[in-house]
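Asks: I would like the atomic coordinates for the input below:
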Amino acid sequence: MSATVVLPSMPAKCPLPVQSIPRGTSASIEDQNGKLVAHCVLVQCTKGQAYLIVQQMDAVVAPKAVTLCVPNMDKPFDLKISTISDVHPNRMHMPMYIQVHYNPEQRYPLEHLVDLLAETVLGRYNFELRKNLTIDLFDSAANAAIRDGAGFIVSDRHRFQQISVGAKQARAVLAPTNEVLISLVSDDHSELLKYDASLSNHQRADFLNFLIKECKNVLVAHWSPAKLAADAKEKDKENEKESEGKAEQKGEKEEAVNTVAGYLIASSERVLCLYAENSKIADSLLAAHIDRNNQKGTVKI
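Replies: Just a heads-up that it's a prediction; the model follows:
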């Protein structure tokens, strides 16, 4: 009786052209007939941190032990399978160093790609101590294949959910607010970039520009004039209280108010990101997205 092969748990496929992602390095594997069987992209976030996208992994080839070659040395990331086997090398009785640190020629396709991309993008020096390579997977017992094969530490520190819901049903429970006005992103989206910079410690402007360019559905929530006027009035009252008993300071310029209160980016029915100052604004953005698509089909969040 043969053992059951457990395939690795794979993430959702990116709906955008991954080769064009800023700061991304792409590597692929073809089989002996020239068919593309594996494709990964490593996106460098910081000097020591990167995010792995598994865009394609053939279910038949994924559990095999393969050796690779580089047919064209001018294209070192375009790999091809030289040999393929159902049996992986047994290193249990080899020295511990070989078991832990040595990379055999016969490995999973994913192992080949992860090692190549990690060393190219992040380097070899101090990798275990100072470098971080992240991948998001669906919750599955098959994550052991990623952990034991490709060397990832599988944890549940951050758990995300992806749901599909009927657009009409979702629209019925949303409660938009009149505090914001929803519109398509404009050609000058500097305010949007500034708002996004306040959400993360990472510099994401290049990636956000990429999403805006590739996606048709980019909605921005701006605070309404009434809301801005009310906030300005409240701020003036606070400034008056603070200035009591103090000498008036002249020459100080007030910083321009950023009117962005949230944004949504979607590719077809799939919402890629949704940020908002509160849940009502999030409802407004999602409702506007559904209305633009005439409440048809499903929404994936």
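Asks: Scan the protein for its longest strand.
Replies: Longest strand of the chain, by residue count under DSSP state E: strand 36-46.
Asks: Tell me the buried residues in that one?
Replies: 37, 38, 39, 40, 41, 42, 43, 44, 45 (16 or more other C-beta atoms under 10 Å). Every residue, glycine included, has its C-beta placed from N, CA and C.
Asks: can you check stretch 287-294 too?
Replies: 287, 288, 289, 290.
Asks: Looking at those residues, spot the one nearest residue 260.
Replies: residue 288 (14.7 Å; C-beta to C-beta).
Asks: Quick check: the closest one vs residue 48, distance?
Replies: Separation of residue 288 from residue 48 (C-beta to C-beta, to the nearest Å) stands at 39 Å.
Asks: how long is stretch 39-53 from one end to the other?
Replies: Taking C-alpha to C-alpha, to the nearest Å as the measure, stretch 39-53 stretches 9 Å from start to finish.
Asks: Kindly indicate which of the buried residues of stretch 287-294 lies nearest residue 211.
Replies: Using C-beta to C-beta, the buried residues of stretch 287-294 come closest to residue 211 at residue 289, 14.4 Å.
Asks: So for that closest one, what pLDDT did the model give?
Replies: Residue 289 is assigned a pLDDT of 95 by the prediction.
Asks: What are the structural domain limits within this structure?
Replies: With domains defined by automatic domain parsing, the chain comprises 18-150, 164-233+257-300.
Asks: Distance to residue 240 added to those domains, as CSV?
Replies: Output for these, formatted as CSV (distance: least, C-beta to C-beta, whole Å):
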stretch, distance to residue 240
domain 18-150, 44
domain 164-233+257-300, 11
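Asks: To residue 11, which of the ones you listed lies closest?
Replies: domain 18-150 (5.4 Å).
Asks: Pull the distance from that closest one to the chain's centre.
Replies: Chain-centre distance of domain 18-150: 18 Å, with C-alpha atoms, centre = their mean, to the nearest Å.
Asks: got it, and stretch 219-231?
Replies: So, by C-alpha atoms, centre = their mean, the centroid of stretch 219-231 is 29 Å from its chain's centroid.
Asks: which phi and psi does residue 80 have?
Replies: Dihedral angles of residue 80 (phi, psi; degrees, to the nearest 10) stand at phi -140, psi 140.
Asks: Double-check it against residue 29; I have them as touching.
Replies: Yes - Residue 80 lies in contact with residue 29 (C-beta atoms under 8 Å); the separation is 7.0 Å.
Asks: Pick out whichever of these two has more residues nearby.
Replies: Comparing residue 80 with residue 29 by other C-beta atoms under 10 Å, the one with more neighbours is residue 29, at 26 against 17.
Asks: List just the nearest of the buried residues of strand 36-46 to residue 180.
Replies: Out of the buried residues of strand 36-46, the member with the shortest distance to residue 180 (by C-beta to C-beta) is residue 45, at 29.9 Å.
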